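**Q** structure here, sequence nowhere to be found:
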């Protein structure tokens, strides 16, 4: 692993074009082009930014959610598909690593998905949020352990989690133990109020300190007009406000530029990888500070599947499950 390079990173706080996959994708491509002019090597967008985060599910009773939910199905991203192709071309054209949150449609289900494009345009990682939070469980299915993977990219070893996955310490540790150098966080933004911003800051700065890596965190933003689009009940607009903290944090837990807490904008900072060594010299939670003789994490990275193909074993009824099913792929990660 290279600890001598300097990477220019951008975290984007941005509004979607509600109900339009194409419109939001155009905003993504425009932001990438603008970042390229500033010499950016890595850009991170908010959670499920394309086509848009399902804010409706936070403020709409389930019995009234059918129409906006169906619209989200129609506008969702397929992988592979046109959105993936367009972002891949941009990554290759600007030699930029891109981390994009999408609502992914896979047949009859939707997923909260994070896409990591390497600087050559290849899709380095597709991961799904392992457990949607609260209202999100009405919208998205669950991901699996295949996504708890750190990707080797042209800007270094890159890990990513979405929103409250950061409150799952074992999920964070799975990435730490794979020696992530840059962690990309994604949140919806424009939700819950100032307390959400405060919690997010604590969470992002703590992960940077604990993992000894850089954190690039992006949140979305809703305008007053967009809140009215989501719900005409003005009493609920407060629930669709605040909750933004777009920032870039050093391995020492220090913001490298002023965070953005309202409005659209882009935080840009240089990530000097020598700071990773400086931090880990004192405390490497997955190295000299670990105690694998006492504490370990077992990570199941087998893909989720409900269909097992192949011929049944001889002399066994194919309708009866074997007494000892094959073990899923597992990895032990030391703490």
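**A** Yep, that arrived. Worth saying up front: this structure is predicted, and the values here are computed from it rather than measured.
**Q** buried stuff in stretch 111-120?
**A** 111, 112, 113, 114, 115, 116, 117, 118, 119 (16 or more other Cβ atoms under 10 Å). For the C-beta atoms, the positions are set from N, CA and C on the backbone; glycine is no exception.
**Q** pLDDT averaged over it - what is it?
**A** For stretch 111-120, mean pLDDT rounds to 98.
**Q** stretch 232-251 too?
**A** 97.
**Q** just stretch 308-326 next, same as before
**A** 56.
**Q** so what's residue 157 up against?
**A** Counting by Cβ atoms under 8 Å, 6 or more residues apart in numbering, residue 157 makes contact with 1, 150, 151, 178, 179, 180, 181, 182.
**Q** go with 6 Å
**A** Neighbouring residues of residue 157 by Cβ atoms under 6 Å, 6 or more residues apart in numbering: 150, 179, 180, 181.
**Q** ok, and the most crowded of those?
**A** The most crowded member of the contacts of residue 157 is residue 180, carrying 26 neighbours; neighbours defined as other Cβ atoms under 10 Å.
**Q** give me the three-state assignment for the closest residue in space to that residue that isn't next to it in sequence.
**A** With Cβ to Cβ, 6 or more residues apart in numbering as the criterion, residue 180 has its nearest non-adjacent residue at 3.6 Å, and that residue is residue 159. Using DSSP: H, G, I helix; E, B strand; the rest coil, the structure places residue 159 in strand.
**Q** so how many other residues sit close to residue 159?
**A** 28.
**Q** residue 135 now?
**A** 16.
**Q** which ones are touching it?
**A** By Cβ under 6 Å, 6+ apart, the neighbours of residue 135 are 57, 58.
**Q** checking it next. Helix, strand or coil?
**A** Secondary structure of residue 135, per three-state DSSP, is helix.
**Q** would you mind measuring from it to residue 187?
**A** Residue 135 sits 15 Å away from residue 187, going by Cβ to Cβ, to the nearest Å.
**Q** and which of the contacts of residue 157 is nearest residue 205?
**A** Nearest to residue 205 out of the contacts of residue 157 is residue 180 (Cβ to Cβ; 15.9 Å).
**Q** the helices in the stretch 51-200 of the chain, which residues?
**A** Counting by DSSP state H, counting those that start in this stretch, the stretch 51-200 of the chain has helices at residues 56-59, 66-75, 82-94, 169-176, 194-211.
**Q** Serialize those to CSV and add fields for mean neighbour count, mean pLDDT and distance to residue 233.
**A** Shown next, in CSV, are the helices of the stretch 51-200 of the chain (neighbours: other Cβ atoms under 10 Å; pLDDT from 0 to 100; distance: least, Cβ to Cβ, whole Å):
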stretch, mean neighbour count, mean pLDDT, distance to residue 233
helix 56-59, 20, 97, 7
helix 66-75, 15, 98, 14
helix 82-94, 18, 98, 32
helix 169-176, 20, 98, 35
helix 194-211, 19, 98, 20
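**Q** dump those helices to a markdown table, plus distance to residue 297.
**A** Formatted as a markdown table, those follow (distance: least, Cβ to Cβ, whole Å):
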| stretch | distance to residue 297 |
| --- | --- |
| helix 56-59 | 32 |
| helix 66-75 | 34 |
| helix 82-94 | 31 |
| helix 169-176 | 6 |
| helix 194-211 | 14 |
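**Q** now, which of the contacts of residue 157 sits nearest residue 301?
**A** Nearest member of the contacts of residue 157 to residue 301, counting by Cβ to Cβ, is residue 150, at 11.7 Å.
**Q** how close does the closest residue to that closest one other than its chain neighbours sit to residue 47?
**A** Distances taken as Cβ to Cβ, 6+ apart put residue 178 closest to residue 150, at 3.9 Å, once the chain neighbours are dropped. Applying Cβ to Cβ, the value for residue 178 to residue 47 is 22 Å.
**Q** and the residue nearest to residue 150, what's its pLDDT?
**A** Looking at residue 178, its pLDDT stands at 97.
**Q** look up how far residue 83 lies from it.
**A** 27 Å.
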